[in-house]
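Trainee: sharing a model prediction with you, sequence too.
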Amino acid sequence: MPAPEDAGVVCRLDDLLTERGMTMTELSRRTGITMANLSILKNNHAKAIRMTTIGAVCRELGITPGDLLQLRD
């Protein structure tokens, strides 16, 4: 059974960056989101994500929020 704080949602940022041949540094530069915050997302350590952050990442990667965030199996 997952821990109570585990929402069962994972961020696919690492996979999406790899698919596009983009680095975290490039995404940070394009979005204005710090490397530290992107790393928290990429490593699934985020407890909350601002809607502006989701929007900026999705716009730069050409994806929808559903592509970025998925329910854990």
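Mentor: Okay, I see it.
Trainee: give me the mean pLDDT for the lengthiest helix in the chain.
Mentor: Looking across the chain with DSSP state H, the single longest helix is helix 51-61. Average pLDDT, helix 51-61: 98.
Trainee: check which helices and strands the helix or strand following it sits against.
Mentor: As assigned by DSSP states H and E, the chain's next helix or strand after helix 51-61 is helix 65-68. Other helices and strands packing on helix 65-68, by 3 or more CB pairs under 8 Å, 6 or more residues apart in numbering; DSSP states H and E, are helix 13-20, helix 51-61. No exception for glycine: its C-beta is placed from N, CA and C like everyone else's.
Trainee: could I get the ones you listed in TSV, plus columns for distance to Ser28 and mean neighbour count?
Mentor: Formatted as TSV, those follow (distance: least, CB to CB, whole Å; neighbours: other CB atoms under 10 Å):
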stretch	distance to Ser28	mean neighbour count
helix 13-20	11	15
helix 51-61	10	15
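Trainee: any idea which of these gets closest to Leu69?
Mentor: Nearest to Leu69 among the helices and strands packed on helix 65-68 is helix 51-61; the distance by CB to CB comes to 7.7 Å.
Trainee: tell me what angle the closest one forms with helix 13-20.
Mentor: 20 degrees (axes from the mean of the first three to the mean of the last three CA atoms, to 10 degrees).
Trainee: contacts for helix 51-61?
Mentor: 13, 16-17, 20, 22, 27, 30-33, 37, 41, 63-65, 67-69 (CB atoms under 8 Å, 6 or more residues apart in numbering).
Trainee: may I have stretch 56-65 as CSV, with CA atoms only?
Mentor: The C-alpha trace of stretch 56-65 is given here as CSV (Å, rounded to 0.1, in the frame of the first residue of the first chain):
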residue,chain,number,x,y,z
ALA,A,56,5.2,26.7,-19.3
VAL,A,57,6.6,23.2,-19.5
CYS,A,58,3.8,22.0,-21.7
ARG,A,59,4.1,25.0,-24.1
GLU,A,60,7.8,24.5,-24.5
LEU,A,61,7.6,20.7,-25.1
GLY,A,62,4.4,20.9,-27.2
ILE,A,63,2.4,18.6,-24.9
THR,A,64,-0.6,18.6,-22.7
PRO,A,65,-0.7,18.2,-18.9
